[in-house]
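Engineer: structure for this input, please:
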Amino acid sequence: MRALNINKMKKTKTGLHIDVKGKRIEVYTKKELEKLEQEAQTKLDLLIVFSLSILLLSIGVVIGMSI
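Structural biologist: Here you go, the predicted model:
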């Protein structure tokens with residue numbers, strides 16, 4: 001899924017956001033944009049938690065092997 005860049009979207013007088021993707025035009029409402037941003041933030045948070053877990057596990061294994 002391509003990341004949404006709200007700053008580059010055009011906004012209509014009715015409050016809709018228009019994103020042009022090649023030959024396709026996608027229209028989003030404010031609620032849809034908020035939902036997509038929330039989903040993207042959740043995915044980022046999960047990635048950070050997973051990465052930190054692997055890092056801490058690796059550090060624990062290295063320390064455990066050195067004792």
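
Engineer: so where's the chain shaky on pLDDT?
Structural biologist: 1-7 (pLDDT under 70).

Engineer: how near is the residue nearest the centre of the chain to S58?
Structural biologist: Centroid-nearest residue in the chain, with CA atoms, centre = their mean: A40, separated by 2.6 Å. Relative to S58, A40 is positioned 27 Å away (CB to CB, to the nearest Å). Backbone N, C-alpha and C define where each C-beta goes, glycine included.

Engineer: how about K10?
Structural biologist: Going from K10 to S58 by CB to CB gives 46 Å.

Engineer: and if you look at E37?
Structural biologist: Relative to S58, E37 is positioned 32 Å away (criterion: CB to CB).

Engineer: what does stretch 59-67 contact?
Structural biologist: Outside stretch 59-67, not one residue touches it by CB atoms under 8 Å, 6 or more residues apart in numbering.

Engineer: just the CA trace of it, in CSV.
Structural biologist: The C-alpha coordinates for stretch 59-67 follow below in CSV (Å, rounded to 0.1, in the frame of the first residue of the first chain):
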residue,chain,number,x,y,z
ILE,A,59,21.2,-8.4,23.8
GLY,A,60,19.9,-10.9,26.4
VAL,A,61,21.3,-13.8,24.4
VAL,A,62,24.7,-12.1,24.0
ILE,A,63,24.9,-11.3,27.7
GLY,A,64,23.7,-14.8,28.6
MET,A,65,26.4,-16.4,26.4
SER,A,66,29.2,-14.3,28.0
ILE,A,67,28.4,-15.3,31.5
